[in-house]
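**Student:** need coordinates for the following:
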Amino acid sequence: MSDAVIHPSACVHPGATLGEGVRVGPFCVVGEHVTLGRDTELRAHVCIEGVTEIGERCAIFPYVSIGSPPQHLQYHDEPTRVRIGDDNIVREYVTINRGTAFDEGVTTIGHRNFLMAYSHVAHDCRVGDKVIMANAATLAGHVSVGHGAVIGGLVGVHQYVRIGEYAMIGGCSAVSRDVPPFMRAVGNRARLYGLNAIGLRREGFSMQRIRVLRQAYQVLFRSKQRMADAIKVARHQFQDSRDVLVLLTFLETSTRGTCRSVHGGRDDGDDF
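**Tutor:** Below you'll find the predicted structure:
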């Protein structure tokens, strides 16, 4: 087990794979088919089971459960998995379930994510990189979350919903439709409130990129055209913008439909 430091009260199966510098705190349970990457730390009372791979330099806080069976009545102990990348922070009482045989059989979480206390990632979810899930945010099965998205506290996301890159979902929202990239959504049911301009500025988007996305938002969600027609107009008008292309591709591939815009809602950052 390399030079891993294991507290005497922890229960680590001899078949588990522990990288250099791994630290397993008091009363943790690590199953036979678990892999922990270099310098990952389980603080205390953490339970990792199933076929679960966790990358390097992750910090897993007390009472977290990773790799437990999916909460699905048709799951019958198929050999499904959890795969988690590097540099993730997983706070207290977070639950991450393994996949099901009805999808690709794996729940995936990328790199540099921050999952706050009591948040839940259900079976077959695909979470990208630099995602923030605030306290008690909940992803139902088969949800995908794009790079840099922020999900507020007490948010519930319906099965199969997609959340686009750099989207922001306000607290206490119920999300039953796809949230397009770069947008803000809030409410029950969640609706769009314009561009996530503050988040984009923090991520280094230039004023010009934000201005173009704001113009595309007006065409797509405020012009009162049919979505198919608005997409055609936007594709022609903003053909040189990679950001708009990402947005249009997301809209064209939506199967659940996207959140509707609030009519007359104010878009933050109008100084751009």
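**Student:** list the contacts of D86.
**Tutor:** Counting by Cβ atoms under 8 Å, 6 or more residues apart in numbering, D86 touches G37, G55, E56, R57, C58, H111, R112. The way it works is simple: take the backbone N, C-alpha and C, and place the C-beta from them, glycine included.
**Student:** of those, which is the most crowded?
**Tutor:** C58 (25 neighbours; other Cβ atoms under 10 Å).
**Student:** all helices of the stretch 151-272 of the chain, in order?
**Tutor:** 197-202, 207-221, 227-237, 242-252 (DSSP state H, counting those that start in this stretch).
**Student:** buried sites along the last one?
**Tutor:** For helix 242-252, burial by neighbour count (16 or more other Cβ atoms under 10 Å) applies to D243, V244, V246, L247, L248, F250, L251.
**Student:** would you format those residues as JSON lines with distance to V94 included?
**Tutor:** Output for the buried residues of helix 242-252, formatted as JSON lines (distance: Cβ to Cβ, whole Å):
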{"residue": "D243", "distance to V94": "31"}
{"residue": "V244", "distance to V94": "35"}
{"residue": "V246", "distance to V94": "29"}
{"residue": "L247", "distance to V94": "30"}
{"residue": "L248", "distance to V94": "34"}
{"residue": "F250", "distance to V94": "27"}
{"residue": "L251", "distance to V94": "31"}
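**Student:** quick check, nearest of those residues to Y193?
**Tutor:** L247 (16.0 Å; Cβ to Cβ).
**Student:** so who does the residue nearest to the closest one when sequence neighbours are not counted touch?
**Tutor:** Using Cβ to Cβ, 6 or more residues apart in numbering and skipping residues adjacent in sequence, the residue nearest L247 is P181, 5.4 Å away. By Cβ under 8 Å, 6+ apart, the contact list for P181 reads G146, G164, E165, Y166, A167, D243, V246, L247, F250.
**Student:** 10 Å - rerun?
**Tutor:** 146-149, 162-167, 196, 213, 243-244, 246-251 (Cβ atoms under 10 Å, 6 or more residues apart in numbering).
**Student:** hey, where'd the strands end up in the stretch 101-250 of the chain?
**Tutor:** 106-109, 114-115, 120-121, 126-127, 132-133, 138-139, 144-145, 150-151, 156-157, 162-163, 168-169, 174-175, 183-187, 190-195 (DSSP state E, counting those that start in this stretch).
**Student:** how about the ones you listed in a markdown table, adding distance to V30 and mean pLDDT?
**Tutor:** Listed next are the strands of the stretch 101-250 of the chain as a markdown table, based on distance: least, Cβ to Cβ, whole Å; pLDDT from 0 to 100:
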| stretch | distance to V30 | mean pLDDT |
| --- | --- | --- |
| strand 106-109 | 18 | 98 |
| strand 114-115 | 19 | 99 |
| strand 120-121 | 19 | 98 |
| strand 126-127 | 22 | 98 |
| strand 132-133 | 24 | 98 |
| strand 138-139 | 24 | 98 |
| strand 144-145 | 27 | 98 |
| strand 150-151 | 28 | 98 |
| strand 156-157 | 29 | 98 |
| strand 162-163 | 31 | 98 |
| strand 168-169 | 33 | 98 |
| strand 174-175 | 34 | 98 |
| strand 183-187 | 38 | 98 |
| strand 190-195 | 38 | 97 |
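**Student:** run through the residues that contact G187.
**Tutor:** I169, G170, C172, S173, A174, V175, Y193, C259, V262.
**Student:** redo that, cut-off 8 Å
**Tutor:** G170, S173, A174.
**Student:** now swap in A216 and tell me
**Tutor:** Here A216 is in contact with A234, Q237, F238, S241, D243, V244, L247 (Cβ under 8 Å, 6+ apart).
**Student:** the second one contacts Q218, doesn't it?
**Tutor:** No - with the criterion set as Cβ atoms under 8 Å, Q237 and Q218 do not qualify as a contacting pair; they are 10.6 Å apart.
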